[in-house]
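# Got a predicted structure here, sequence first:
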Amino acid sequence: MVSVAEATSVVFSNLFQPTTMSVSLTDAVNKVLAERITADRDFPPFDRVAMDGIAIRRDAWKMGQRAFKLEAVQAAGEPRKTLKNKTNAIEVMTGAPMPDGADVVIRYEDLRIEEATAHITSEMAADNAFIHRQAVDAAKDSVLLEPGILLSSAEIALLASVGKSRVKVYVFPKAAVVSTGDELVHIDDIPLPHQIRRSNTYALQAAMKTLGWEGAIHHLKDDKASMIEGLKKIAQTAEVIILSGGVSKGKFDFVPDALEALGVKKLFHQVSQRPGKPFWFGVSPAGLTVFALPGNPVSTYMCFYRYIRPWVMKSLKTSVDPSYAVLASDFAFAPSLTYFLQVTVKNENGKLMAYPEAGGGSGDFANLKNVTGFLELPATASTFKAGETFPYIPFRQ
Ligand SMILES: Nc1nc2c(c(=O)[nH]1)N[C@H]1C(S)=C(S)[C@@H](COP(=O)(O)OP(=O)(O)OC[C@H]3O[C@@H](n4cnc5c(N)ncnc54)[C@H](O)[C@@H]3O)O[C@H]1N2
Ligand code: MOO
Ligand SMILES: [Mg+2]
């Protein structure tokens, strides 16, 4: 049996080597950038007028001049104009290049125009130049984005502005999600009294989809020979297999043996945690990674969010920021296992407060609808006090 820290370290030492693909910018959000992006020109590329108004020379203002004859209009999208007469003004619009020869913008709010002359009405009008200077945000050729960034709408704007209509992103590993168990029937079937419908594979597939990762669903019987055959077939196309069930001590828990028969080397079996103790992890020399998760639905779910999600994001060169929350009420858990407590987190005055809703054990997956994630309580203690902070593993936004 390994600790949660050891299991994490083994999982993180066996990252997947992702390939890359080119996607349209309009499909790139939530994908992980696989190329370095530099500024193709200065940001902004010219001294940009930041307010609608008039452009004048500060010298003239300083000499006490308050009335300026309007000699031209500089619209956004027009090439830069030149202020011909140093005591005149050019009307300028936000987004236009600052006219050559002028160095301060006076807002329309601070002037009155009469007979093609602007009369400045505020003595504070020239306090701010209202010019967004060329290159202040980023200089040409400077690095805007590094590989490994999870693309949000903010990065999409940057990519658009440098003309990246296609962008290189990392590709998730080809994944299969496999349920095992003779008690499990297809979701369209009516279960007999001793049967239940499969739900873990759907939960796993949905959890993967929220990351932008696809997983093909399979089901295998609790029969060693057919399990080996089935896994062999699945391994022909999958780079990662996520199994649920069949990893504990039961007479029909054949998953570890079947995987080892296929040449998948066990790197650990059993983690000192609840839920999820029977968790099995291994890799094959051919590069297949196998997460064999305990079948109890809460265990399956927790292991995905605690181990697989960080593993795949790290493999794609990005990482999930660790989150923390404050336990809102005392909680006790005696066994010396890391306990993943189901909690509902509420943001109270900027603090994430975690309210325990432990549920009825790892088979009680109906309780997951009541909670927002898991609080990771260390194996080294058995009583946990309100006000203490612990790692928090959210599964909802
Ligand atoms: N003697 C021992 N028995 C058990 C131990 C142990 O240490 N010693 N560990 C318990 C723990 S903890 C867990 S968790 C489970 C894990 O068992 P398996 O991984 O072998 O899973 P199964 O036995 O196949 O199933 C367990 C449970 O989960 C239900 N299940 C499985 N797959 C699905 C699915 N796709 N959708 C919905 N429900 C599923 C299954 O029907 C069982 O009820 O073992 C304990 N036993
Ligand atoms: O891992 Mo088991 O989930 O404790 O029931
Ligand atoms: Mg079992």
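Thanks, I have it. Ligands and ions are numbered 1, 2, ... in the order given.
# what pLDDT does the residue nearest to residue 76 when sequence neighbours are not counted get?
The spatial neighbour of residue 76 that comes closest, neighbours along the chain excluded (C-beta to C-beta, 6 or more residues apart in numbering), is residue 95 at 3.5 Å. The C-beta positions use only the backbone N, C-alpha and C, and glycine is treated the same way. If you check residue 95, the pLDDT there is 98.
# Over to the one 5 residues further on?
For residue 100, the model assigns a pLDDT of 98.
# is it fair to say the residue nearest to residue 76 lies in a helix?
No: if the criterion is DSSP: H, G, I helix; E, B strand; the rest coil, then residue 95 is coil and not within a helix.
# and stretch 266-280, how far from the chain's centre?
Centre-to-centre, stretch 266-280 and its host chain are 27 Å apart (C-alpha atoms, centre = their mean, to the nearest Å).
# Helix, strand or coil: sort out the residue of the chain found nearest ligand 1 for me.
Residue of the chain nearest ligand 1, by C-beta to the nearest ligand atom: residue 295 (2.6 Å). What three-state DSSP gives for residue 295 is coil.
# pretty sure it contacts residue 247?
Yes: using C-beta atoms under 8 Å, residue 295 is in contact with residue 247, at 7.4 Å.
# sorry, back to before: check the gap between the residue of the chain closest to ligand 1 and ligand 3 for me.
In this view, residue 295 and ligand 3 are 6 Å apart by C-beta to the ion, to the nearest Å.
# show me what contacts that residue?
For residue 295, the contacting residues are 180, 181, 200, 244, 245, 246, 247, 248, by C-beta atoms under 8 Å, 6 or more residues apart in numbering.
# What backbone torsions are found at the first one?
Read it as residue 180. phi -130, psi 150 (degrees, to the nearest 10).
# Buried residues of stretch 200-213, list them for me.
By neighbour count on 16 or more other C-beta atoms under 10 Å, the buried set for stretch 200-213 is 200, 201, 203, 204, 205, 207, 208, 211, 213.
# wait, is the second one part of a helix?
It stands for residue 201. Yes: assigned with three-state DSSP, residue 201 falls within a helix.
# near ligand 1, from the buried residues of stretch 200-213?
200, 201 (C-beta under 6 Å from any ligand atom).
# Tell me which of the buried residues of stretch 200-213 has the lowest pLDDT.
For those, the pLDDT minimum is residue 211, 92.
# That one sits in which helix or strand?
If you go by DSSP states H and E, residue 211 is not part of any helix or strand.
# Report the contact partners of it.
Here residue 211 is in contact with 30, 172, 309, 312, 313 (C-beta under 8 Å, 6+ apart).
# For the residues you listed, pick the one with the most neighbours.
residue 312 (25 neighbours; other C-beta atoms under 10 Å).
# The helix or strand that residue falls within packs against which elements?
Per DSSP H and E, residue 312 falls inside helix 309-315. Counting contacts by 3 or more C-beta pairs under 8 Å, 6 or more residues apart in numbering; DSSP states H and E, helix 309-315 is packed against helix 4-12.
# What are the contacting residues of the next helix or strand after the helix it packs on?
Sequence order places strand 20-24 as the next helix or strand after helix 4-12, per DSSP H and E. For strand 20-24, contacts defined as C-beta under 8 Å, 6+ apart pick out 31, 34, 35, 165, 166, 167, 168, 169, 170, 171.
# So in terms of bridging, what pairs with the fifth one?
If I follow you right, that is residue 166. residue 24 (DSSP bridges).
# now residue 276, nearest residue through space, not along the chain?
residue 299 (4.1 Å).
# And ligand 1, is whichever strand or helix holds that neighbour touching that?
Here residue 299 is covered by helix 297-303, with elements defined by DSSP H and E. Yes: applying C-beta under 6 Å from any ligand atom, one finds helix 297-303 touching ligand 1 at 297, 299.
# Check which residues of that helix are buried.
297, 298, 299, 300, 301, 302, 303.
# Now tabulate those in CSV and tack on distance to residue 228 and pLDDT.
Below are the buried residues of helix 297-303 laid out as CSV (distance: C-beta to C-beta, whole Å; pLDDT from 0 to 100):
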residue, distance to residue 228, pLDDT
297, 25, 96
298, 28, 97
299, 24, 97
300, 22, 97
301, 27, 96
302, 28, 97
303, 23, 98
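# and which of these is nearest ligand 3?
residue 299 (10.9 Å; C-beta to the ion).
# Give me the three-state assignment for residue 368.
On the basis of three-state DSSP, residue 368 is classed as helix.
# ok, it - contacts?
297, 298, 301, 342, 359, 395.
# Just the buried ones among the contacts of residue 295, please.
Applying 16+ other C-beta under 10 Å to the contacts of residue 295 flags 180, 181, 200, 244, 245, 246, 247, 248 as buried.
# who's in contact with the spatially most central residue of the chain?
Among the residues of the chain, residue 150 comes closest to the average C-alpha position under C-alpha atoms, centre = their mean, at 5.5 Å. Neighbouring residues of residue 150 by C-beta under 8 Å, 6+ apart: 30, 31, 32, 33, 313, 318.
# do that again at 7 Å, thanks
Contacts of residue 150 were listed using C-beta atoms under 7 Å, 6 or more residues apart in numbering, and they are 30, 32, 318.
# I figured the last one hits residue 32, correct?
Read it as residue 318. Yes: Residue 318 is within contact range of residue 32, at 4.9 Å (criterion: C-beta atoms under 7 Å).
# Name the residue in those two with the higher neighbour count.
residue 32 (24 against 17).
# residue contacts, the more buried one?
Applying C-beta under 7 Å, 6+ apart, the residues near residue 32 are 148, 150, 169, 170, 316, 317, 318.
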